[in-house]
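> when you get a sec, could you give me coordinates for this:
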Amino acid sequence: MHDRYRMLLEQVREGRLSVEQALKQMRKLPYEDLSFAKVDHHRSLQKGFPEVIFCSGKTATQIVEIARRLAEGGAPVLATRAEPEVYRALKRKFPGMEYHREARLAVLRAEGPTTAVGAIGVVTAGTADLPVAEEAALTAELMGGSVTRLYDVGVAGLHRLIDNLELLLSARVLVVVAGMEGALPSVIGGLTACPIIAVPTSIGYGAHFGGLAPLLAMLNSCAPGVSVVNIDNGFGAGYIAALINRSGEERGVLR
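Numbers count the residues shown, from 1 in each chain. Modelled structure (predicted):
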């Protein structure tokens with residue numbers, strides 16, 4: 001969105017666009033009312049990344065129209081919890097649309113080269129946690145972060161984690177995804193100095209209560225520096241990790 005404003009201002013300066021024409025275009029930049037949705041075009045200015053489409057509960061037609069309005073500004077489009085039929089509808093409109101089936105993400109990347117920055121680690125306790133972890137990793141990557149994945153290193157085989165300690169210690173921020181008893185974020189929090197975003201997943205047996213057990217365990221972590229997002233919220237974790245990573249980059253923090 002910064003680029004959109006800059007482009008308009010440059011066109012006015014060069015005489016290719018009148019002040020009145022620029023104002024007309026800028027009127028819809030705060031948000032655009034589509035009746036069924038109000039597309040927040042200022043999200044890029046506020047967060048440094050455009051509004052993201054949460055697909056659950058929306059029709060394919062609504063999702064495509066929201067994506068079209070977001071893409072007009074040249075920004076990337078990210079649609080979460082996108083089922084295959086939603087992706088197919090998006091693909092018809094946007095040939096460059098990607099689909100990451102495991103993470104249920106539809107992605108339209110911004111034009112032009114991008115440079116990944118920082119050091120974000122995404123860690124899972126088990127292979128079953130991969131869909132949530134991939135949602136986090138892909139979100140953080142799309143927001144400009146350099147992401148390293150470390151999967152299936154849960155506490156049932158702690159030696160797997162210890163063998164990768166150097167990777168954990170080099171991260172600027174870690175997203176740690178775990179189901180079952182949800183112990184992994186606390187273990188990693190006791191080994192590392194960086195912020196940890198814990199993600200409980202709905203993977204587990206009966207008394208796991210669909211993710212409630214690891215959620216409560218993570219909220220009660222005695223390791224400092226552990227924060228927690230909601231059950232299966234890989235997108236939220238990846239987004240926060242990207243903001244922390246970017247903040248460190250802007251401050252010139254080196255890892």
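> which residue ranges form the helices in the stretch 1-150 of the chain?
Remark: helices of the stretch 1-150 of the chain, listed N- to C-terminal, are 2-13, 19-26, 43-47, 60-71, 84-93, 130-142; assignment by DSSP state H, counting those that start in this stretch.
> looking at the ones you listed, which one is packed in the most?
With neighbours defined as mean count of other CB atoms under 10 Å, the helices of the stretch 1-150 of the chain peak in mean count at helix 130-142, which reaches a mean of 26. C-beta coordinates here come from the backbone N, C-alpha and C atoms, glycine included.
> follow-up on the earlier one: closest one to residue 187 among the helices of the stretch 1-150 of the chain?
The stretch from the helices of the stretch 1-150 of the chain with the least distance to residue 187 (CB to CB) is helix 130-142; that distance is 16.5 Å.
> show me what the closest one is packed up against.
With contacts defined as 3 or more CB pairs under 8 Å, 6 or more residues apart in numbering; DSSP states H and E, helix 130-142 has these neighbours: strand 77-80, strand 105-108, strand 117-124, strand 145-150, strand 173-178, strand 196-200, helix 234-250.
> now the helix or strand following the fourth one: buried residues?
Translated: strand 145-150. Proceeding C-terminally, strand 145-150 gives way to helix 158-162 as the next helix or strand, assigned by DSSP states H and E. Neighbour-count burial for helix 158-162, counted by 16 or more other CB atoms under 10 Å, picks out residue 161.
> what about residue 125, neighbour count?
Using other CB atoms under 10 Å, residue 125 is surrounded by 28 other residues.
> what residue ranges in the stretch 101-250 of the chain score low on pLDDT?
112-113, 248-250 (pLDDT under 70).
> just put the helices and strands packed on helix 130-142 in a markdown table and tack on distance to residue 68.
Shown next, in a markdown table, are the helices and strands packed on helix 130-142 (distance: least, CB to CB, whole Å):
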| stretch | distance to residue 68 |
| --- | --- |
| strand 77-80 | 9 |
| strand 105-108 | 10 |
| strand 117-124 | 29 |
| strand 145-150 | 27 |
| strand 173-178 | 31 |
| strand 196-200 | 31 |
| helix 234-250 | 21 |
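> and these: which comes nearest residue 66?
Go through the helices and strands packed on helix 130-142 one by one with CB to CB and the one that ends up closest to residue 66 is strand 77-80, at 8.5 Å.
> make CSV from the helices of the stretch 1-150 of the chain and add distance to residue 203 to it.
Shown next, in CSV, are the helices of the stretch 1-150 of the chain (distance: least, CB to CB, whole Å):
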stretch, distance to residue 203
helix 2-13, 40
helix 19-26, 47
helix 43-47, 30
helix 60-71, 27
helix 84-93, 22
helix 130-142, 9
